[in-house]
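Undergrad: Kindly generate the corresponding structure for this input.
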Amino acid sequence: MKDFLINSIYRATEGEGVNIGQSQIFVRFQGCAVGCLNCDSMDTWEFDPSTVMTLKEVMAAVEYQGHIGKIKRVSITGGDPLHPKHTPRVLELVKELKLKGYWINIEAAGTRVVDELFDLIDFISFDFKTPSTGVATNPQLLRRVIEQYGNRAQIKSVVENKADFSAALFAHQWLLENTDLYLTPWVVTPAYNLGEDFPEKRFQDIISWNEEVGAPFRVIGQQHKWIFGPDKKQV
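TA: The predicted structure follows:
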């Protein structure tokens, strides 16, 4: 049955986070209701029924993009792959990928924790939404991810200004005080917005702010945007 809403399936090198530089296959689901103001993939928001594929077609595209199975890492992203409309299909896909020996990452928007799915995959990238996104993250969800998945996860925040950095720092400090074992790395990514020149000053400021408070974050830029520019898709 054609019931996987897919925006695109493509090969690329991971451009951000602690797994930066890893070649993998991105499976990008079509449909998102989170609504970040500074989203660079608004074309993935609509739940477009014209984009449907079968599980067999998705797997065939993954294997083709991975040079017939030579690249065995997959990142499931979106859109929002954890939206309730997507999660049953994502679970099917993850089970099939695991049978074929793939390492799997999921890009989670920070709006929900899906234990049935998270327990199966290898790595979880979980967003903490900063004020510039216009979206709030429940700190209790961050706490669940940290306590249940430890260093099998990362918390990731896009930072555009000092208010964004301060919000991430406040949440980080709250988690230190309220979490028994905090092994999950927190990645701060300087925003590099659509149509923008490389934000050199923003990058420098964030490194400085981080150092001033004892460097609790890993500051990691968006490598794919450095190489191809902020507007290029499927890279």
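Undergrad: alpha carbons only for contacts and neighbour counts from here, please
TA: OK.
Undergrad: now the strands for the chain?
TA: 4-13, 23-29, 52-53, 73-77, 103-108, 123-127, 153-159, 186-190, 218-219 (DSSP state E).
Undergrad: any chance of the ones you listed in CSV, plus mean neighbour count?
TA: Below are those laid out as CSV (neighbours: other C-alpha atoms under 10 Å):
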stretch, mean neighbour count
strand 4-13, 21
strand 23-29, 24
strand 52-53, 17
strand 73-77, 22
strand 103-108, 22
strand 123-127, 22
strand 153-159, 25
strand 186-190, 24
strand 218-219, 18
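Undergrad: burial of residue 229, as a residue count?
TA: Neighbourhood size, residue 229 [other C-alpha atoms under 10 Å]: 19.
Undergrad: no, scratch that, I was asking about residue 112
TA: The tally of other residues near residue 112 (other C-alpha under 10 Å) stands at 16.
Undergrad: Verify the contact between it and residue 141 for me.
TA: Yes: contact criterion C-alpha atoms under 8 Å: residue 112 and residue 141 qualify, at 7.0 Å.
Undergrad: my guess is residue 82 meets residue 110, correct?
TA: No: at 9.4 Å, residue 82 does not count as touching residue 110 under the criterion of C-alpha under 8 Å.
Undergrad: Have a look at the two and say which one is more surrounded.
TA: Comparing residue 82 with residue 110 by other C-alpha under 10 Å, the one with more neighbours is residue 82, at 27 against 24.
Undergrad: Tell me how far that one lies from residue 92.
TA: Residue 82 sits at a distance of 13 Å from residue 92 (criterion: C-alpha to C-alpha, to the nearest Å).
Undergrad: Same check on residue 193?
TA: In this view, residue 193 and residue 92 are 34 Å apart by C-alpha to C-alpha.
Undergrad: now swap in residue 83 and tell me
TA: From residue 83 to residue 92 the distance is 15 Å (C-alpha to C-alpha).
Undergrad: out of these two, which sits in the more crowded spot?
TA: Neighbours per residue, other C-alpha under 10 Å: of residue 83 and residue 92, the larger number sits with residue 83, 21 against 13.
Undergrad: wait, what's in contact with the more buried one?
TA: When contacts are counted by C-alpha atoms under 8 Å, 6 or more residues apart in numbering, residue 83 is found next to 32-33.
Undergrad: What pLDDT is listed against it?
TA: Residue 83 is assigned 97 on the pLDDT scale.
Undergrad: Torsion angles phi and psi at it?
TA: The phi/psi pair for residue 83 (degrees, to the nearest 10) reads phi -60, psi 140.
Undergrad: Adjust the sequence numbering to begin at 18 for everything that follows.
TA: Got it, first residue is 18 now, which makes that one residue 100.
Undergrad: what's the distance between it and residue 71?
TA: 18 Å.
Undergrad: same thing with residue 247?
TA: Noted for residue 247: a distance of 31 Å to residue 71, by C-alpha to C-alpha.
Undergrad: ok, now residue 107?
TA: Separation of residue 107 from residue 71 (C-alpha to C-alpha): 12 Å.
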